[in-house]
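**Student:** below is the sequence, then the predicted model.
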Amino acid sequence: MTAINEVGDLTIDGDVAVLTLNSPPVNALSGPVRAAIDGGIRQALANDAAKSIVLICEGRTFIAGADITEFGKAPTGPSLFDALAMIENSPKPVIAAIHGTALGGGFEVALTCNYRVAVPSAKCGLPEVNLGLLPGAGGTQRLPRIVGAQKALEMVTSGQHVGAKAAKEMGLFDEIVEEGKLRQGAIDFVRKVVAEKRPLKKVRDLSDKMEADRKHPEIFADFRKANARKFRGFLAPEYNIQCIEAAVNLPFEEGIKVEQKLFRELVTGTQSAAQRHVFFAERQVWKLPDVPADTPQIPVNTVGIIGAGTMGGGIAMNFLNAGIPVTIVETKQEALDRGLGVIRKNYENTAKKGRMTQDDVEKRMGMLKGTLALEDLKDSDLIIEAIFENMDVKKDVFGKLDKIAKPGAILATNTSALNIDEIATAVKRPEAVIGLHFFSPANVMRLLEVVRADKTSKPVIATSMAIAKKIGKIAALVGVCPGFVGNRILAQRQREAQKLILEGAMPWDVDRVLYDFGFPMGPFAMSDLAGLDIGWSKEKSKGETIRDRLCEMDRRGQKTSAGFYDYDENRNAKPSKVTEDIILEFASKKGINRRTISDEEIIERCIYPMINEGAKILEEGKAIRSSDIDIVWINGYGWPVYRGGPMFYGDTIGLDKVLAKMKQFQAQMGDDFKPAKLLEKLVADGKTFGSL
Ligand code: 3H9
């Protein structure tokens, strides 16, 4: 065995040179890994005994891509193109031996090899699009030459991982070898290649699929049209499509030039920077400075849920999907039956769409027990209260739970607004109390705010984070404050949106600007969807707000075909004259001199106070990191991924610009815009949220 460098070594196994890379955690293509490939192939070529070369990796995976941390830094060592040229120009066959995930640049390395051998559990893919990128090492030119344009388009714009069996069928893998016997399997395969004197297959030379696709230029227009909604706002999918188009229409070398040019544009742009930030933020969010990874956890084998309404039912489905039995409690048989019925209907709808079998439906329903007796939660390891938002009622429930729940059980509340420290005073074991704030629909939305109260124990926090992961959520640990992190920031945007429509904009102006910013919908369309009457009561309504007036007229949102907007029978929204008149009347009563409001002001008024509130949250220690706030807003409120979250966005546009506007607005409109101390300090120090 010869060491090439600190991450690669070469072993001559009879007539086969085996180049092994070992760069934990994922063998990413850092400078040393590129140097090991380049140097390893050179040495293998210089060794007369070696007739062929196997490229294999140690650890959990084959190369999982370029080293994302290197982007934006000065490159060291040979370029990836140099390393790939060594492989592709090798006169001896080079075989990639794949386990784990061959992704991005890693799969591009494999596509440059003459053959690919993999174990059954291996996967491959080009997920660059999820980082706002495109495969920049020949992947967009080689992939379609094997699978054709249509399949290549699907793969590069979705970033999907393809399993070994499918990869073999598509021609991406040449041979599947026994699990655990990859090295020997690859050596046997390459010996066969040499013995049979098979030609040195180069993917770049394949042309039949490209010639066939050239006769169907409509593939691209059709693909763009079919995916327009999904790709809205993102640059990378379109750039990926252009590269596949180049593969079909241009010679290989010309196609590579297009790929290079577009890759450079993306990698230096703000969208990819934002998406790379999100990639790392999603991994950081699980790391809790004062709750180490080895904190003891409480085994959660059974879950109790109090309340079978929309939230309780949705929460229950998460656990049933993960194979954890649930007991759900209601106070009345009718409500219980309704709740259980909704859960069954949701599952049956999924089955109808072919995404689950009827057997799966029955299995899940078989793990769900409905009851009217709170005592039935005495054996639950985790109990989640999901009743309506009333402090007295919640405290009463927790008081009762305290007497019923077994020692060590976690007592969680799904409150989105109430003070969890106060709820915890209702029990003699406040260390067991935590907030698990699910977002509606709870079985769909990825975000979970795990709310740590003053006395919550570390095992309870560690277990809550672990269980969140188990049920497929992304969890952010936050502290107790009004609205926690997500809704507290939302309140800023909502307040400004309401003010703007009195000052001169219309709801559809605000919605359009925020939709164009990248949100799935604006605040007024959102209110119509949710129902304007949430938290509104006919008896108490005094016509004091625009919402009061709309609800009083039975314009309660989409469900009544009218709210801020008018809706046709297909739920298409149209600006409403009625709403407009109400707004104008309100503004005039308040003596507001309406003015033209620019799109720019809508963004600044709605978004900058969110960034400022995020700074206050950080200052108060209610979120651990600014990137955790970004995770909350991306996964819970539809913040566009390509803008990286509110805090990253603040850094991108410049905190000095945000601060200057906040000060200007404060002078004009008062302390709603009072800058956070942290914002002032960061600007004074020339720092960003990302630098904290
Ligand atoms: C590319 O290839 C561009 C080329 O086309 C062009 C070049 C010219 N770099 O996810 P995990 C870290 S773009 C650096 O928790 P899992 C990760 O941060 C790249 N670091 O494990 C984490 O660190 P920590 C295209 C990376 O088992 C640790 O590894 N490739 C990279 O759940 C473990 O990660 C991709 O987009 C990287 N490329 O999942 C693949 N990848 O422990 C991105 C991971 O400090 N990676 N890390 O928090 C993945 O999808 C998953 O990490 C993978 C493993 C499926 C591989």
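**Tutor:** Nice, thanks for sending it over.
**Student:** could you chop this structure up by domain?
**Tutor:** The chain breaks down by automatic domain parsing into domains covering 2-267, 303-475, 505-589, 600-691.
**Student:** now the third one: how far from the chain's centre is it?
**Tutor:** Using Cα atoms, centre = their mean, to the nearest Å, we find the averaged C-alpha position of domain 505-589 to lie 30 Å away from the chain's own average C-alpha position.
**Student:** what of stretch 421-429?
**Tutor:** 34 Å.
**Student:** pLDDT on that stretch, on average?
**Tutor:** Stretch 421-429 shows a mean pLDDT of 98.
**Student:** okay, how far is it across it, tip to tip?
**Tutor:** 12 Å (Cα to Cα, to the nearest Å).
**Student:** near the ligand, which residues of the chain?
**Tutor:** 25-26, 28, 61, 64-69, 80, 101, 103-105, 108, 127-128, 131, 133, 135-137, 139, 280, 283 (Cβ under 6 Å from any ligand atom). C-betas here are computed from N, CA, C, even on glycine.
**Student:** tell me the buried residues within those residues.
**Tutor:** 26, 28, 61, 64-68, 80, 101, 103-105, 108, 127-128, 131, 133, 135-137, 139 (16 or more other Cβ atoms under 10 Å).
**Student:** restricted to helices, list the residues of the chain next to the ligand.
**Tutor:** 80, 105, 108, 139, 280, 283 (DSSP state H).
**Student:** pLDDT and distance to Gly636 added to those, as JSON lines?
**Tutor:** JSON lines is the format used below for these (pLDDT from 0 to 100; distance: Cβ to Cβ, whole Å):
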{"residue": "Leu80", "pLDDT": "93", "distance to Gly636": "37"}
{"residue": "Gly105", "pLDDT": "98", "distance to Gly636": "32"}
{"residue": "Glu108", "pLDDT": "98", "distance to Gly636": "35"}
{"residue": "Gly139", "pLDDT": "98", "distance to Gly636": "33"}
{"residue": "Phe280", "pLDDT": "97", "distance to Gly636": "19"}
{"residue": "Arg283", "pLDDT": "97", "distance to Gly636": "18"}
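**Student:** kindly indicate which of those lies nearest Lys616.
**Tutor:** Phe280 (24.0 Å; Cβ to Cβ).
**Student:** check contacts around the residue in the stretch 351-500 of the chain that the ligand sits nearest to.
**Tutor:** Closest residue of the stretch 351-500 of the chain to the ligand, Cβ to the nearest ligand atom: Lys469 (10.4 Å). Neighbouring residues of Lys469 by Cβ atoms under 8 Å, 6 or more residues apart in numbering: 286, 475.
**Student:** sec struct for it, please.
**Tutor:** Here Lys469 is recorded as helix under DSSP: H, G, I helix; E, B strand; the rest coil.
**Student:** the closest residue in space to Asp337 that isn't next to it in sequence: which element?
**Tutor:** Leaving aside its chain neighbours, Asp337 sits nearest to Gly370 (7.8 Å; criterion: Cβ to Cβ, 6 or more residues apart in numbering). Assigned by DSSP states H and E, Gly370 belongs to strand 368-371.
**Student:** just the buried residues of that strand, please?
**Tutor:** Quick answer for strand 368-371 (16+ other Cβ under 10 Å): 368, 370.
**Student:** residues in contact with that strand?
**Tutor:** In this structure, residues lying in contact with strand 368-371 by Cβ under 8 Å, 6+ apart are 308, 316, 320, 325-330, 336-337, 339-340, 343, 376.
**Student:** tally of neighbours for whatever residue of the stretch 501-650 of the chain ends up closest to the ligand?
**Tutor:** Nearest to the ligand, among the residues of the stretch 501-650 of the chain, is Ser627, at 12.2 Å (Cβ to the nearest ligand atom). Residues lying near Ser627 (other Cβ atoms under 10 Å) number 25.
**Student:** same check, this time on Thr688
**Tutor:** By other Cβ under 10 Å, the residues close to Thr688 number 17.
**Student:** residue of the stretch 251-400 of the chain closest to the ligand, please.
**Tutor:** Counting by Cβ to the nearest ligand atom, the stretch 251-400 of the chain gets nearest the ligand through Arg283, at 4.0 Å.
**Student:** quick check: the gap between that residue and Ile631.
**Tutor:** The gap separating Arg283 from Ile631 is 10 Å, by Cβ to Cβ, to the nearest Å.
**Student:** now do Pro120
**Tutor:** 34 Å.
**Student:** which stretches of the stretch 351-500 of the chain have low pLDDT?
**Tutor:** For the stretch 351-500 of the chain, no stretch is flagged by pLDDT under 70.
**Student:** quick one: the strands in it?
**Tutor:** 368-371, 382-385, 410-413, 433-438, 447-452, 474-479 (DSSP state E, counting those that start in this stretch).
**Student:** and the second one, which strands flank it?
**Tutor:** So the one you mean is strand 382-385. strand 303-306 (parallel), strand 410-413 (parallel) (DSSP bridges).
**Student:** distance between it and the chain's centre?
**Tutor:** 26 Å.
**Student:** what does stretch 677-692 give?
**Tutor:** 27 Å.
**Student:** distance between the ends of it?
**Tutor:** 14 Å.
**Student:** can you point out the buried residues in it?
**Tutor:** Neighbour count says stretch 677-692 has 678-679, 682-683, 688-690 buried, by 16+ other Cβ under 10 Å.
**Student:** same thing with stretch 460-474?
**Tutor:** Neighbour-count burial for stretch 460-474 [16+ other Cβ under 10 Å]: 460-468, 471, 473-474.
**Student:** equivalent analysis for stretch 663-670, please.
**Tutor:** For stretch 663-670, by 16+ other Cβ under 10 Å, it's Phe665.
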